[in-house]
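Student: A structural model of the following input is requested.
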Amino acid sequence: MTPLVCFSFILMQYAGGEVITLQKGKEVYCATKRNQPVYLSPPIIEESKDLPKYLKMDTWNDDDWKIKNSNQFTEAAVSDKRWEDFKTNRTNYLRFDNAMSISLSVYSSVEIEIFVNDEEYLDYMKLPLSNDRWTHLTIILYNNTVIHIKNDVVFKKIIDFKPTEIVFKSMNETYWKIHQYDFMWSDKITTGKATTLKLPTEQTCIMFYVALCRECILTIPELGRTFQSNNKKGDFFNSWQSYQLEVEGETRISFVKTRTDSIDSGEWEIDIRDCPVIKNNNVIYKKIISGEEETKHTCEILNNQQEMQLKKNIEGINYTIQCDPGKLGEKCDINCETILGPKYTYCQEHIICEGNKWKCAWGFISANITATLCDKGCRIGKWGADCSNVCSSGCITCNPINGKCGFKIEHTVMPLLLVISVIILAIIYILVCDMPLKE
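Tutor: Numbering: from 1, shown residues only. As a prediction, this is how the structure comes out:
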């Protein structure tokens with residue numbers, strides 16, 4: 001049976017809120033309440049993460065599930081949270097031989113060239129890209145047809161063509177993420193005992209990703225959860241769906257595969273990952289070591305329309321950090337120490353980006369506009385984020401973080417001057433009164 005084309009994205013509701021960047025030298029922290037992939041702009045070279053332990057574990061019992069790799073099937077680009085796990089390379093040349101599908105993401109400000117070759121024919125194109133944004137590309141080989149997909153949209157088909165080599169080139173070194181990952185796969189309905197999976201007790205939150213053919217159904221009885229395909233007739237692909245499971249103690253779940261018709265074969269795919277690191281107030285947190293001391297990075301949300309609309313919404317707005325010291329986010333409900341730890345109650349020495357605007361943490365200022373840390377304290381008479389506030393009238397010094405006055409003229413100097421004046425007048429009076437009169 002020829003595998004069906006699978007188009008990969010996660011069905012998640014928009015959670016609202018921008019992504020916050022905090023940087024101190026090489027260390028970059030990203031915090032958001034949106035369960036979508038986060039990347040650095042400009043990107044950095046990153047190694048891929050280990051394979052999911054749930055596919056390595058020998059706790060899949062019964063039935064016919066097998067571990068498969070995405071290159072063995074006609075899979076499209078992944079743009080859900082799993083995207084962060086893919087290795088980031090930097091090169092101007094990529095070559096693939098005899099693959100059923102190739103999915104990758106490219107970050108470049110220049111166009112790239114794509115060569116699709118067979119033994120007798122070469123298909124060539126130049127593809128323009130969006131500046132400062134990742135573009136997802138997929139080339140699928142399906143029934144002797146080559147299908148080109150860019151950002152989830154089919155833009156080119158080549159009929160009666162079976163290439164043996166695909167090459168990507170760019171004029172300059174470009175950042176690439178090649179989408180290669182394993183998942184559990186089955187092509188038969190459940191006829192006997194259902195597959196059972198034992199989940200580890202040390203894990204408290206697990207993400208299930210499920211992709212199905214149009215008539216296929218997957219049921220997890222223990223969770224009371226049934227997945228059905230949302231594909232339309234004539235679609236080339238299946239879409240990934242997600243389910244988040246909170247685990248308490250040892251848990252066993254089972255997977256029952258059925259169909260809406262009488263056919264006993266189909267496509268059932270499961271990928272299982274740990275949930276992203278979530279801290280107080282549902283903040284999703286990620287720490288990245290950039291490796292480049294002098295490069296300022298911005299954390300961005302991957303993907304398409306929501307990201308682009310957010311950027312449009314903040315254009316022209318004079319966004320400033322208006323929360324109380326140590327508070328971040330649109331609702332000021334994210335604490336610095338939640339992201340950075342208890343040593344950084346006020347994000348000390350970090351440069352902060354919110355709403356596409358950069359500021360130094362409260363009580364600090366940077367040496368220059370391109371600095372990646374804020375290591376200079378406010379001058380006397382200044383306070384707040386970026387030391388942009390002036391101490392209140394009559395206040396000689398104030399707290400550089402919250403502006404609380406520490407030495408005020410009318411409260412200290414004026415009474416002191418009054419006392420000194422009284423003493424001087426008293427001395428003058430005594431001297432004058434005691435002076436003998438001239439005859």
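
Student: list phi and psi for Glu337.
Tutor: Glu337 adopts backbone torsions of phi -70, psi -20, taken as degrees, to the nearest 10.

Student: quick one: contacts for it?
Tutor: Glu337 makes contact with 326, 343-345, according to C-beta atoms under 8 Å, 6 or more residues apart in numbering. (Glycine included, C-beta is placed from N, CA and C.)

Student: can you check Asn303 too?
Tutor: 36-37, 79.

Student: would you mind giving the contacts of Glu337 as a markdown table with neighbour count, distance to Ile289 and pLDDT added?
Tutor: Converted to a markdown table, the contacts of Glu337 look like this (neighbours: other C-beta atoms under 10 Å; distance: C-beta to C-beta, whole Å; pLDDT from 0 to 100):
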| residue | neighbour count | distance to Ile289 | pLDDT |
| --- | --- | --- | --- |
| Gly326 | 20 | 24 | 95 |
| Lys343 | 8 | 18 | 94 |
| Tyr344 | 20 | 17 | 95 |
| Thr345 | 15 | 23 | 95 |
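
Student: what is the most widely separated pair among those residues?
Tutor: Spatially, the most separated pair among the contacts of Glu337 is Gly326 and Lys343, at 12.2 Å (C-beta to C-beta).

Student: which strands or helices does the longest strand seen in the chain pack on?
Tutor: Ordering each strand of the chain by length in residues (DSSP state E) puts strand 165-178 first. Helices and strands touching strand 165-178, by 3 or more C-beta pairs under 8 Å, 6 or more residues apart in numbering; DSSP states H and E, are strand 88-97, strand 101-107, strand 112-117.

Student: could these go into CSV alongside distance to Ile278 and mean neighbour count?
Tutor: Formatted as CSV, these follow (distance: least, C-beta to C-beta, whole Å; neighbours: other C-beta atoms under 10 Å):
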stretch, distance to Ile278, mean neighbour count
strand 88-97, 24, 14
strand 101-107, 25, 23
strand 112-117, 36, 18
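
Student: would you reformat these as JSON lines and include mean pLDDT and distance to Cys387?
Tutor: Output for those, formatted as JSON lines (pLDDT from 0 to 100; distance: least, C-beta to C-beta, whole Å):
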{"stretch": "strand 88-97", "mean pLDDT": "94", "distance to Cys387": "36"}
{"stretch": "strand 101-107", "mean pLDDT": "92", "distance to Cys387": "35"}
{"stretch": "strand 112-117", "mean pLDDT": "94", "distance to Cys387": "44"}
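
Student: any chance of those strands in TSV, plus distance to Asp64?
Tutor: What follows is the helices and strands packed on strand 165-178, written out as TSV (distance: least, C-beta to C-beta, whole Å):
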stretch	distance to Asp64
strand 88-97	29
strand 101-107	23
strand 112-117	35
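
Student: out of those strands, which is closest to Ser242?
Tutor: By C-beta to C-beta (comparing all of the helices and strands packed on strand 165-178), the closest turns out to be strand 101-107, at 18.4 Å.

Student: quick check, distance from that closest one to the centre of its chain.
Tutor: Distance of strand 101-107 from the chain centroid (C-alpha atoms, centre = their mean, to the nearest Å) equals 18 Å.

Student: got the contact list for it?
Tutor: Contacts of strand 101-107 (C-beta under 8 Å, 6+ apart): 5, 8, 42-43, 70-71, 73-78, 83, 86, 94, 96, 112, 129, 132-141, 166, 168, 170, 174-179.

Student: swap in stretch 139-148?
Tutor: Applying C-beta under 8 Å, 6+ apart, the contact partners of stretch 139-148 are 2, 5, 74, 76, 99-102, 114, 116, 123, 137-138, 149, 154-163, 166, 236.

Student: quick one, which of the helices and strands packed on strand 165-178 is nearest to Arg379?
Tutor: strand 101-107 (39.9 Å).

Student: tell me how far Asn98 lies from Gln36.
Tutor: Distance, Asn98 to Gln36, by C-beta to C-beta, to the nearest Å: 33 Å.

Student: the more surrounded of those two?
Tutor: For Asn98 versus Gln36, neighbours defined as other C-beta atoms under 10 Å are more numerous around Gln36 (23 against 11).

Student: separation between the more buried one and Ile278?
Tutor: 14 Å.

Student: surely His297 and Val28 touch.
Tutor: Yes. His297 is within contact range of Val28, at 5.1 Å (criterion: C-beta atoms under 8 Å).

Student: which neighbours do those two share?
Tutor: With C-beta under 8 Å, 6+ apart as the test, His297 and Val28 both reach 21, 40, 288, 290.

Student: what helices or strands is the helix or strand where the third one lies leaning on?
Tutor: This means Ile288. According to DSSP states H and E, Ile288 maps onto strand 283-289. Judged by 3+ C-beta pairs under 8 Å, 6+ apart, strand 283-289 is in contact with strand 27-32, strand 38-41, strand 278-279, helix 336-340.

Student: just name the most buried of these.
Tutor: Ranked by mean neighbour count, the helices and strands packed on strand 283-289 are led by strand 27-32 with a mean of 22 (mean count of other C-beta atoms under 10 Å).

Student: next one: Arg90 from Val38, what distance?
Tutor: From Arg90 to Val38 the distance is 19 Å (C-beta to C-beta).

Student: what do you get for Ile166?
Tutor: Counting by C-beta to C-beta - Ile166 and Val38 are separated by 29 Å.

Student: same question, Thr370
Tutor: For Thr370, the distance to Val38 - C-beta to C-beta - is 23 Å.
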